[in-house]
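Participant: Predicted model and sequence follow; I will ask about them next.
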Amino acid sequence: MGCCWGSVLGALVLLLSVLDLCNGGTTSAFVRKVEKTVDMPLDSDVFRTPPGYNAPQQVHITQGDLEGKAVIVSWVTMDEPGLSKVLYWSENSKHKHKAKGIFVTYKFYNYTSGYIHHCEIKNLKFNTKYYYEVGIGHTPRTFWFMTPPEVGPDVPYTFGLIGDLGQSYDSNKTLTHYELNPTKGQTVLFVGDLSYADNYPFHDNVRWDTWGRFTERSAAYQPWIWTAGNHELDFFPEIGETEPFKPYTHRYPVPYKASNSTAPFWYSIKRASAYIIVLASYSAYGKYTPQYKWLEQELPKVNRSETPWLIVLMHAPWYNSYNYHYMEGETMRVMYEPWFVKYKVDVVFAGHVHAYERSERVSNVAYNIVNGICTPVKDQSAPVYITIGDGGNLEGLATNMTEPQPEYSAFREASFGHAIFDIKNRTHAYYSWHRNQDGYAVEADSLWFFNRYWHQIDDSTTAQ
Ligand SMILES: *[C@@H]1O[C@H](CO)[C@@H](O)[C@H](O)[C@H]1NC(C)=O
Ligand SMILES: *[C@@H]1O[C@H](CO)[C@@H](O)[C@H](O)[C@H]1NC(C)=O
Ligand SMILES: *[C@@H]1O[C@H](CO)[C@@H](O)[C@H](O)[C@H]1NC(C)=O
Ligand SMILES: *[C@@H]1O[C@H](CO)[C@@H](O)[C@H](O)[C@H]1NC(C)=O
Ligand SMILES: *[C@@H]1O[C@H](CO)[C@@H](O)[C@H](O)[C@H]1NC(C)=O
Ligand SMILES: *[C@@H]1O[C@H](CO)[C@@H](O)[C@H](O)[C@H]1NC(C)=O
Ligand SMILES: [Fe+2]
């Protein structure tokens with residue numbers, strides 16, 4: 001009897017574990033060369049300062065208002081403040097407009113920043129190419145950007161996704177592949193952890209400057225939408241640095257007031273057919289907190305007839321099956337996941353874990369402390385959760401995964417890369433992930449997204 005039960009049980013356990021493995025998604029079999037992730041040295045080409053007296057450097061732009069008719073231009077001058085003015089003109093007009101901004105400086109331990117300029121240019125026309133000039137009076141430099149089309153449900157638009165970028169040789173490859181991808185990203189959704197300056201002794205803020213120079217080649221020409229990660233905290237009380245996010249907030253302004261947010265760490269924008277909500281993993285999010293109250297009012301405002309695509313960005317992922325940062329997103333998930341299901345968020349992008357993972361549409365909202373129902377279940381109202389913390393920073397790849405692969409995890413792979421979210425119309429968006437080891441155009445993972453509001457069918461069974 002004992003022996004029989006033993007073998008029956010054994011077979012059952014085996015069967016269950018096989019089922020378990022089958023039900024989980026794909027753990028990619030891709031084998032990459034194991035190489036250390038190394039930061040580019042200070043004298044690298046990508047860190048060169050532009051020539052000329054007081055030449056503006058680290059130029060970058062982000063959306064400046066709720067709808068995409070304003071842009072915030074930021075840059076740094078090193079020799080003297082110079083003018084915080086921007087000259088700008090549309091492609092088909094000779095008339096140059098002028099906008100006046102401000103500059104700030106900050107100190108971090110024994111580092112003193114350059115003059116960091118921020119200038120908002122407003123009342124732009126939609127879907128128009130603008131040139132802009134900074135460094136007026138000393139060494140002018142000219143850049144350009146495209147404003148997005150007017151907000152509307154069927155406007156195609158292409159977002160790039162990059163996270164945890166840092167400034168290693170791999171980071172440079174990620175950015176290069178994003179730039180060369182034949183599907184041209186028009187705006188970067190950046191899911192946090194920018195420079196990794198805090199990995200240097202005393203958080204050497206010179207590495208914030210090098211990062212600004214490295215990313216200028218993209219961020220001066222298309223908006224990067226910022227999310228704060230843990231590497232933006234720069235909280236270092238041992239050396240007297242007790243103001244969290246000091247370098248980040250001085251350098252990377254966001255239009256948080258336009259969405260009635262009270263802090264730059266959580267906010268939203270509309271862009272083309274997308275409504276993008278940025279959340280803060282490292283600001284309070286419990287009940288009664290400013291972020292909680294804001295999000296509670298924000299989600300009902302989203303009009304899916306106007307912006308069918310509801311995208312959420314955050315740094316720490318809620319669904320992560322790597323043995324890194326395991327369950328760090330759990331407390332925020334418990335607070336906000338019921339809302340994401342109720343309001344049918346299409347997709348949540350997060351970073352933090354230095355690898356790639358895509359979930360099934362799942363939710364885990366039934367648990368109430370006493371009922372024991374605490375397993376994620378398939379849920380067509382739930383978002384797809386994508387971890388894209390694979391930009392290539394010096395900390396290297398997360399390779400250690402929980403085994404077996406949980407059922408909620410559809411695809412995971414420990415490689416660096418970037419992704420593209422290509423909105424076609426109100427019902428369809430094409431998503432692809434590109435690992436760095438392949439040519440930039442190769443898709444290592446892809447999925448057709450069918451909009452949760454306009455097209456409520458099961459994409460996980462029809463697409464791949
Ligand atoms: C800041 O202090 C550190 C440690 O004492 C030192 O290594 C570094 O050179 C200093 N940097 C500047 C800009 O003074
Ligand atoms: C970074 O990438 C760019 C574009 O591919 C290349 O021109 C540059 O030499 C690279 N720099 C380093 C330090 O790898
Ligand atoms: C922000 O709040 C003001 C005042 O309550 C309101 O008029 C405005 O519509 C709100 N803006 C957004 C984007 O919700
Ligand atoms: C939602 O957007 C549509 C399309 O722009 C518009 O017709 C409708 O009035 C909006 N609804 C609300 C409640 O604002
Ligand atoms: C992977 O992570 C688990 C859990 O933290 C740990 O027990 C295990 O030793 C790790 N394996 C490797 C190969 O690092
Ligand atoms: C939306 O885009 C998809 C994919 O390109 C296409 O198949 C579909 O016909 C489009 N729908 C409309 C209404 O144009
Ligand atoms: Fe992180």
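Facilitator: Nice, thanks for sending it over. Ligands and ions are numbered 1, 2, ... in the order given.

Participant: Walking through the stretch 351-464 of the chain, point out its helices one by one.
Facilitator: 459-462 (DSSP state H, counting those that start in this stretch).

Participant: all strands in it, in order from the N-terminus.
Facilitator: Assigned by DSSP state E, counting those that start in this stretch, the strands in the stretch 351-464 of the chain fall at 356-359, 362-363, 377-378, 384-388, 409-413, 417-423, 428-435, 445-450.

Participant: tell me the SS of the nearest residue to Tyr200 once chain neighbours are set aside?
Facilitator: Closest residue to Tyr200 apart from its sequence neighbours, by Cβ to Cβ, 6 or more residues apart in numbering: Arg207 at 5.4 Å. All C-beta atoms are positioned from the backbone trio N, CA, C, and that covers glycine. Secondary structure, DSSP: H, G, I helix; E, B strand; the rest coil: Arg207 is helix.

Participant: Spell out which parts of the stretch 351-464 of the chain neighbour ligand 6.
Facilitator: Listed as neighbours of ligand 6 in the stretch 351-464 of the chain under the rule Cβ under 6 Å from any ligand atom: Lys424, Asn425, Thr427, His428.

Participant: one step back: dump the strands of the stretch 351-464 of the chain into TSV; add mean neighbour count, mean pLDDT and distance to Ser273 as well.
Facilitator: TSV is the format used below for the strands of the stretch 351-464 of the chain (neighbours: other Cβ atoms under 10 Å; pLDDT from 0 to 100; distance: least, Cβ to Cβ, whole Å):
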stretch	mean neighbour count	mean pLDDT	distance to Ser273
strand 356-359	28	98	22
strand 362-363	21	98	25
strand 377-378	14	97	27
strand 384-388	27	98	17
strand 409-413	24	98	25
strand 417-423	25	98	6
strand 428-435	22	98	9
strand 445-450	19	97	12
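
Participant: mind checking how far the residue nearest to the spatial centre of the chain is from Asp154?
Facilitator: For the chain, the residue sitting closest to the mean C-alpha position, by Cα atoms, centre = their mean, is Val191 at 2.1 Å. When distance is defined by Cβ to Cβ, to the nearest Å, Val191 is 27 Å away from Asp154.

Participant: and if you look at Tyr106?
Facilitator: Distance, Tyr106 to Asp154, by Cβ to Cβ: 44 Å.

Participant: The residue nearest to Tyr200 against Leu194, yeah?
Facilitator: No. Contact criterion Cβ atoms under 8 Å: Arg207 and Leu194 do not qualify, at 10.1 Å.

Participant: neighbour-wise, which of these two wins?
Facilitator: Leu194 (28 against 24; other Cβ atoms under 10 Å).

Participant: Surely the more buried one and Gln167 touch.
Facilitator: No. Leu194 is beyond contact range of Gln167, at 9.3 Å (criterion: Cβ under 8 Å).

Participant: intersection of neighbour lists for the two?
Facilitator: Residues touching both Leu194 and Gln167 comprise Trp211, with contact defined as Cβ atoms under 8 Å, 6 or more residues apart in numbering.

Participant: Wasn't Val341 part of a helix?
Facilitator: Yes. Under three-state DSSP, Val341 sits within a helix.

Participant: show me what contacts it?
Facilitator: Here Val341 is in contact with Ser363, Val365, Asp379, Ser381, Ala382 (criterion: Cβ under 8 Å, 6+ apart).

Participant: I'd like the distance between it and ligand 1.
Facilitator: 49 Å (Cβ to the nearest ligand atom, to the nearest Å).

Participant: just Glu67 next, same as before
Facilitator: Taking Cβ to the nearest ligand atom, one finds Glu67 at 42 Å from ligand 1.

Participant: pLDDT at that residue, what is it?
Facilitator: Note on Glu67: pLDDT of 98.
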